[in-house]
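Enquirer: How does the following fold in three dimensions:
(2 chains)
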Amino acid sequence: MASQIISLAEYRRRVVTNRLGLWLFIISDSFLFGGLLVARFYLLGTHQRPDVSHVVGLVVTSVLLLSSFFMNRAEIALQAGDQKSFLRGTLITLALGTLFLVGVVGVEWQIAPYGPSHDAAWSLFYTMTGFHALHVLSGVIFLAIIYRNGRKGLYSPDRHWPVEAAAVYWHFVDVVWIFFYPALYLMGHAIV
Amino acid sequence: MDENKKSEAFQIGLSVITLLIVFTVGEYLLGVIAVDWWMPLIAIGLFKAFFIIRDYMHLPRLFAAEEEIH
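Expert: Residues are numbered from 1 along each chain as shown, chains lettered A, B, ... in the order given. From the prediction side, this is the model:
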C-alpha cells in the first residue's frame, strides 16, 4: 500500500478532532476514578484512612509530579525543534514513572500491614492504587513507544500529535493521583 | 516556536512544578499535624489539579480555532 503524506493544514484539522476524542476519553476515564473516590469516602468517611506510610506517599507523589514537569519540558522542546532535549525529557519521565510504580507496588504494597482480602477498606486501597498503577504502566509503555519513534526522527515541531497525546494522558494520570494521595494517605486517622 | 516563546513556556512549567511541590509538602504537613482537616486537603487538590490541567494539559487548546494552534 502506498504511503500517503497529508498536507499540514489537513494534519492540523485532524489534530483538532483527535484532541476532542482524547479529552472525551479522559472525561470518561475520570468517572472510573471518581467512582473509586466516592467508594473510599462512603466506606471510611473523612476521619479514617488505611494505615499506610506517610513518607512513601509523599515520595511517590513528588516523583509523579516531577515526571509531569519533565514531560512538559519534553513537549516544549519538541515544539521548539530541540530533539535532544525532547528525548532526554521523555526518558526522564519514563524513568520517574517506573520509579513511581516501584514505590507503590514494590514498596507500599509490600510494607502495608494487610492484604486486599483483609476487609473492604483494604480491598479498596489496593483497587485504587492498582487501577492507578495500571494507568501509569500503560503511560510508561506509551512513553517508551514515543521515545523509540522520537529516536527515529518521526516527530517534528509541526507534526507531533502522538507526543501531545502521550503528554496529556500522562498529566491526567498525575491529576488522578493528586486526589488519591490525600484520600489514601492523609485524610483522617489510620485504621489499626 | 522561537527561543523567546520556548523559554517563556519553560518558565511557566518551572513555576507550576514549584507551586505543586510547595503545596504537596503543605498538604503532607497538614495531613500529619491536623488529621481531621479534610476540607483544606480537598481545596489544595483542586488548586493543584487546576494548574496541571491548564498549564501542562493545555486545556485551552481544545477551544482554540485551527489557525491559532502552534
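Enquirer: now the residue of chain A found nearest chain B, nearest residue through space, not along the chain?
Expert: With CB to the nearest CB, the shortest gap between chain A and chain B falls at A:Leu186, namely 2.8 Å. (C-beta placed from N, C-alpha, C; glycine too.) Spatially, and ignoring its direct neighbours in sequence, A:Leu186 is nearest to B:Gly31 (2.8 Å; CB to CB, 6 or more residues apart in numbering or on different chains).
Enquirer: check contacts around the one you found.
Expert: Contact analysis of B:Gly31 by CB atoms under 8 Å, 6 or more residues apart in numbering or on different chains lists A:54, A:182, A:185-187, B:41.
Enquirer: Then A:His54?
Expert: Contact partners of A:His54, counting by CB under 8 Å, 6+ apart, are A:185-186, B:28, B:31-32.
Enquirer: Please apply the same query to A:Leu94.
Expert: A:Leu94 neighbours (CB under 8 Å, 6+ apart): A:140, A:143-144, A:147.
Enquirer: tell me which element it falls in.
Expert: helix A:83-101 (DSSP states H and E).
Enquirer: still on that earlier bit, helix or strand: which one has the residue nearest to A:Leu186?
Expert: Per DSSP H and E, B:Gly31 falls inside helix B:3-33.
Enquirer: Counting neighbours, which bits of the helix or strand following that helix end up buried?
Expert: The first helix or strand that comes after helix B:3-33 along the chain, using DSSP H and E, is helix B:38-51. Going by neighbour count (16 or more other CB atoms under 10 Å in any protein chain shown), the buried part of helix B:38-51 is B:38, B:41-42, B:44-45, B:48-49, B:51.
Enquirer: Could you list which of those residues also contact chain A?
Expert: With CB under 8 Å from any CB of the partner chain as the criterion, the buried residues of helix B:38-51 include B:38, B:41-42, B:44-45, B:48-49 near chain A.
Enquirer: which among those residues gets closest to B:Met57?
Expert: Checking those against B:Met57 with CB to CB, the nearest one is B:Ala49 at 9.7 Å.
Enquirer: How about the contacts made by the closest one?
Expert: By CB under 8 Å, 6+ apart, the contact set of B:Ala49 is A:175, A:178-179.
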